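> Need coordinates for the below:
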Amino acid sequence: MATVQEFFEGLSSRVTPDRVEGMNNTYVFDIEGAGVWTVAIADGVVTVTEGAGDADTTFSTSEENFEKIVAGEQNPTTAYMTGKLKIKGDMGAAMKLQKLF
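The predicted model follows:
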C-alpha cells in the first residue's frame, strides 16, 4: 500500500461520483504518526484537505491500523470495537463511509 499521505492525496480521483451520490458529510482523519486530513463529500464530489476542519465525524487511529483497514486486513468495525479505531460524532455518517473503502 501507498503511504497514508499518498492515500489521501489520491482519494478524490479514486472515488467515482456514483459511489458517493447523495452523501453530504465531512470527516476528519487523525492518523497518529502520519497527519490529519479533512475529507468532504458533497454532491458526488470528494474533496481532501490537509489539516483538521469542521466535521460530522472524526476518526482517530494509528498509522499502522489505518493502513491495515485500507488494505482490507483489518475490519473497521472490529477495529472500533477493540479500541484500535476511535470515532467521535455522527455514527450514521461514519457508517456511510464504508462506500469509500
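> Every contact and neighbour count from this point should use C-alpha atoms.
Fine.
> what about the closest residue to Ala79 other than its chain neighbours, neighbour count?
Of all residues not flanking Ala79 in the chain, Leu85 sits nearest, at 5.2 Å (CA to CA, 6 or more residues apart in numbering). Residues contacting Leu85 under the criterion other CA atoms under 10 Å number 19.
> if I look at Leu85, how far off is Asp18?
27 Å (CA to CA, to the nearest Å).
> Next SSE downstream of the strand or helix carrying Ser12?
Assessed by DSSP states H and E, Ser12 sits inside helix 4-14. Using DSSP H and E, the helix or strand that directly follows helix 4-14 along the chain is strand 24-32.
> now for that following strand, which elements pack on it?
Applying 3 or more CA pairs under 8 Å, 6 or more residues apart in numbering; DSSP states H and E, we find strand 24-32 packed against strand 35-42, strand 57-62, helix 63-71.
> dump the residue contacts of Glu32.
Applying CA atoms under 8 Å, 6 or more residues apart in numbering to Glu32 gives the contacts 60-63.
> again, only using 6 Å
Taking CA atoms under 6 Å, 6 or more residues apart in numbering, we find Glu32 in contact with 62-63.
> which residues does the nearest residue to Phe66 once chain neighbours are set aside bridge with?
Of all residues not flanking Phe66 in the chain, Ile31 sits nearest, at 7.2 Å (CA to CA, 6+ apart). When bridges are called by DSSP bridges, Ile31 pairs up with Gly35, Thr61.
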